[in-house]
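[1] Sequence first, then the predicted structure, then my questions.
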Amino acid sequence: MRPQQPQHQQQHQLEAAANPNPDPAQSGEAPPKQVALAMDRLGDAARLIADIRLGADRLLEALFVAAQPHQSTKPLHLFHKEDASMRQHLQDLRSVGRQLEESGVLNESLRSRSNSWGLHMPLVCPDGAVVAYAWKRQLAGQAGASAVDRTRLALKAFTDQKRRFFPHLDDGLDGQSTESASKKHCGPQVLIGNHQEELSDYKTLSDILMHLEKEVPTLKIFTYERLDWLKRASSLPSSANETSMGTSKEHNFHSSNKLRPGSLSAVATEKISVIELLFPSIFRAIVSLHPAGSIDPDSVAFFSPDEGGSYIHSRGFSVYHVFRRITEHAAMALQYFLGSRAETALHSLLDWICSYQTLFTKVCSKCGRLLLMDRKSALLLPPVYRPYRQFSALKFSSTQPNSSASSDLAQAYHVGCFSEEA
Amino acid sequence: MPLKWVLHWQPNAGTTVSSQILSEVSQCVESINGVKEGRWRATLTFYKPHTREQLMAAEFPRDFLGILLPEQPNKYYFIIRGQRIVLEADSSIQTLMEKLQSYKTRVALHFDGFQYQLGDFQLRVGKVVPTHSENLRGIVMEVEYLPISSVEKAKQIMEEFLDIWREAISKRSLPGHFMHMEPNFVEYGLTDHYTSQHTAVQYATVMAQLIATVQAVQSVRN
């Protein structure tokens, strides 16, 4: 990453970019400018979407007022006015969307370009995730600003990201605030050092997923491209609907590879950005990968297997308290795995997720019960915490080859029973 | 749909159920942080065949029940316990039956009460009263665990909940206890995935218990 862009390098790149560039609209524009434009357009799109939402509210209001008896033609005027402005907004949104598509924001067409200066176009996923590279844009776009300003901007952007992704570092409730930051690099590496060889065997996505399928036979793994997941999530039956799932097209990891001839299966793996882990009748976990086809997880969420709807994605929240708690805990586990050893983060995360297959059967390792009233929220919950700190060590130091035995070794705690010594 | 256990109040020998017990039970739910949400009502009907001859009557099943559940207002459920049959029909079947005059209502009961939310659990406490009467015949309780739909997978959680519930109730020293009898769903052709048919079967089982209890009390009196 080269956050500083000296002027002469900028001009040189401009000339280089101008010639082989197939897209005439962007010739002569250096990547920082493209990124800046794209961010502006995203901002415009967000404003338009907000306007559309407001307009929809006003339309509904006008309809409601019109439904009341003894009304004048006032609601009709309101309706016409809102209708016209809505159409205009939607038109504007369409054109902004087209511009964004052309500049490669809504797809990954720019990824292969070599002269991107290490900058990435912001990627907007259908589930609303905007890839967190805004801080790069801050630095790149402000190449002319002084070092102090740049540092200040970077620190602000980074603090916002930190607050979002490392919530436990801000509040000292678990006493983790200062310890985890320093321990991150010392402790886990000592423990994981013993079995680096085993973990490094699973370098590619297919390796990891196939290993998991073998180790945990009750687990069903499905992989998706990002847009495909959204379609599937919306078509999942909710618990009111009694039809069985899985009869519609499934992107089962194995079957999707079988359907395509050998040379194309590599392409399929490269596009995978959503992994669905389903333990039938227990839970469904969604893991998002970024970039697609990599082994870098960026978010995870847990749901009931009977939930359905477009809110089922790796940044969504279940309607049930038990799965909401687990999702919060999983976000911290994910950050831990990424922080301690990023190359094995996905593998560790998926293994850790599998330890939840005993969610409704394994009693708490501290109090010995399954259900406990959580004092803070006044809810009865099963043990939703599974420790992640020494997770890798526990799993690989087990001498028993049977995977179900190693899951017994893993411990479980209620929210109130969990303490740092565990 | 989420699975549910239907419990009924088993009064101690020599005692009967009373509305005092009902209010104590409701208070107990609130003491374990249950939040009252609203009312619920289910209706259960015992049918008998509409036939003149006594001989013919013997050929028909004695325990033919129909039940209307609040979560499925458009459906009506029939159960014949003796032959382990449960059937889901459209609610218009009741009109059909009235027109056909093939079966008459022998007894109709209401299950009436309040619904409580307790995190991922949903509880319903209800009194059992015959229609057109305020005579309390029993107390039923529904315990629903919303995140799971599998009867097997939820067994442990439900048993623990029942332990917690019984512990809370025992503090009030009431003359009786809540019982759960799990019918053999497989015999009714039902699967592990919970449905309203499972609920209907549970209610039929509960009714059999309540009747047995009442008959036992009556035989003691006589």
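    Structure's in. What do you need?

[2] What are the buried residues along stretch B:73-80?
    B:75-80 (16 or more other Cβ atoms under 10 Å in any protein chain shown). All C-beta atoms are positioned from the backbone trio N, CA, C, and that covers glycine.

[3] Could you identify the longest helix within chain B?
    Identified as the longest helix of chain B according to DSSP state H is helix B:196-221.

[4] Mind checking the pLDDT average for it?
    Mean pLDDT, helix B:196-221: 84.

[5] who does that helix touch, helix- and strand-wise?
    Helices and strands touching helix B:196-221, by 3 or more Cβ pairs under 8 Å, 6 or more residues apart in numbering or on different chains; DSSP states H and E, are strand B:3-11, strand B:35-49, strand B:64-68, strand B:75-80, strand B:85-90, strand B:138-145.

[6] May I see the buried residues of that helix?
    Buried-residue list, helix B:196-221, by 16+ other Cβ under 10 Å: B:196-207, B:210, B:213.

[7] ok, back up a step: export the helices and strands packed on helix B:196-221 to TSV and tack on mean pLDDT and distance to chain A?
    Shown next, in TSV, are these (pLDDT from 0 to 100; distance: least, Cβ to the nearest Cβ, whole Å):
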stretch	mean pLDDT	distance to chain A
strand B:3-11	93	10
strand B:35-49	91	9
strand B:64-68	92	18
strand B:75-80	94	12
strand B:85-90	93	10
strand B:138-145	94	9
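
[8] Which among these is found nearest to B:C28?
    strand B:138-145 (10.3 Å; Cβ to Cβ).

[9] A:S314: what secondary structure?
    coil (DSSP: H, G, I helix; E, B strand; the rest coil).

[10] just A:L278 next, same as before
    Quick answer, by three-state DSSP: A:L278 is strand.

[11] For it, the count of nearby residues, please.
    Residues contacting A:L278 under the criterion other Cβ atoms under 10 Å in any protein chain shown number 19.

[12] For it, give its distance to B:Q27.
    Per Cβ to Cβ, to the nearest Å, A:L278 is found 41 Å from B:Q27.

[13] what's the closest non-adjacent residue to A:L277?
    A:A285 (4.4 Å; Cβ to Cβ, 6 or more residues apart in numbering or on different chains).

[14] ditto for B:N74
    Spatially, and ignoring its direct neighbours in sequence, B:N74 is nearest to B:S91 (5.3 Å; Cβ to Cβ, 6+ apart).

[15] Need the pLDDT of the spatially closest residue to B:R84 that is not a sequence neighbour.
    In space, and not counting its chain neighbours, B:R84 is closest to B:E187: 4.5 Å by Cβ to Cβ, 6+ apart. What the model reports for B:E187 is a pLDDT of 93.

[16] ok, so what distance separates B:E187 from B:K4?
    Remark: distance between B:E187 and B:K4 (Cβ to Cβ) = 19 Å.

[17] Please apply the same query to A:G43.
    Distance from A:G43 to B:K4, by Cβ to Cβ: 49 Å.

[18] Could you list everything B:A89 pairs with in the sheet?
    On the basis of DSSP bridges, B:A89 is bridged to B:Y76.

[19] wait, what's in contact with it?
    B:75-78 (Cβ atoms under 8 Å, 6 or more residues apart in numbering or on different chains).

[20] same check, this time on B:E160
    Applying Cβ under 8 Å, 6+ apart, the residues contacting B:E160 are A:369-371.

[21] Report the distance from the helix or strand that contains it to the chain centre.
    In this assignment (DSSP states H and E), B:E160 forms part of helix B:155-170. What separates the centre of helix B:155-170 from the centre of its chain is 18 Å, taken as Cα atoms, centre = their mean, to the nearest Å.

[22] cool, stretch B:122-129 as well?
    Put simply, stretch B:122-129 sits 9 Å off its chain's centre (Cα atoms, centre = their mean).

[23] ok, that stretch near chain A or not?
    No. Using Cβ under 8 Å from any Cβ of the partner chain, we find that stretch B:122-129 stays clear of chain A, coming within 11.0 Å at best.

[24] Identify the residues contacting that stretch?
    For stretch B:122-129, contacts defined as Cβ under 8 Å, 6+ apart pick out B:2, B:19, B:22, B:25-26, B:29, B:34, B:40-42, B:109-117, B:135-144, B:146, B:210.

[25] Enumerate the residues of the stretch 251-400 of chain A near chain B.
    Residues of the stretch 251-400 of chain A lying near chain B (Cβ under 8 Å from any Cβ): A:281-282, A:304-306, A:318, A:320-323, A:360-361, A:369-371, A:373, A:377-382.

[26] Which helix or which strand is home to the residue in the stretch 201-350 of chain A positioned nearest to chain B?
    Closest residue of the stretch 201-350 of chain A to chain B, Cβ to the nearest Cβ: A:S281 (3.6 Å). Per DSSP H and E, A:S281 falls between elements, in no helix or strand.

[27] Excluding chain neighbours, what is closest to it?
    Nearest one to A:S281, counting by Cβ to Cβ, 6+ apart, is B:S150 at 3.6 Å.

[28] Equivalent analysis for A:D92, please.
    A:L48 (5.5 Å).

[29] Tally up the residues packed near that neighbour, please.
    A:L48 has 20 neighbours, counted by other Cβ under 10 Å.

[30] what do you get for B:A168?
    14.

[31] Please name the residues that touch the spatially most central residue of chain B.
    Residue closest to the average C-alpha location in chain B (Cα atoms, centre = their mean): B:Y203, at 3.2 Å. For B:Y203, the contacting residues are B:6, B:42, B:44, B:65, B:67, B:79, B:111, B:140, by Cβ under 8 Å, 6+ apart.

[32] Kindly report the same for B:M141.
    For B:M141, the contacting residues are B:6-9, B:25, B:123-126, B:178, by Cβ under 8 Å, 6+ apart.

[33] a markdown table for those residues, including neighbour count and distance to A:D92?
    Listed next are the contacts of B:M141 as a markdown table, based on neighbours: other Cβ atoms under 10 Å in any protein chain shown; distance: Cβ to Cβ, whole Å:
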| residue | neighbour count | distance to A:D92 |
| --- | --- | --- |
| B:V6 | 25 | 56 |
| B:L7 | 22 | 59 |
| B:H8 | 23 | 63 |
| B:W9 | 25 | 64 |
| B:V25 | 22 | 60 |
| B:L123 | 25 | 51 |
| B:R124 | 23 | 51 |
| B:V125 | 25 | 55 |
| B:G126 | 21 | 56 |
| B:F178 | 19 | 62 |
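
[34] which among the residues you listed gets closest to A:L346?
    Of the contacts of B:M141, the one sitting nearest to A:L346 (Cβ to Cβ) turns out to be B:L123, at 40.8 Å.

[35] distance of A:G316 from B:A42?
    34 Å.

[36] and what of B:S196?
    11 Å.

[37] Check B:E88 too.
    15 Å.

[38] Which residue of the two possesses the greater neighbour count?
    B:A42 (23 against 14).

[39] Who is that one paired with across the strands?
    B:F111.

[40] residues contacting it?
    B:67-70, B:110-111, B:126, B:203.
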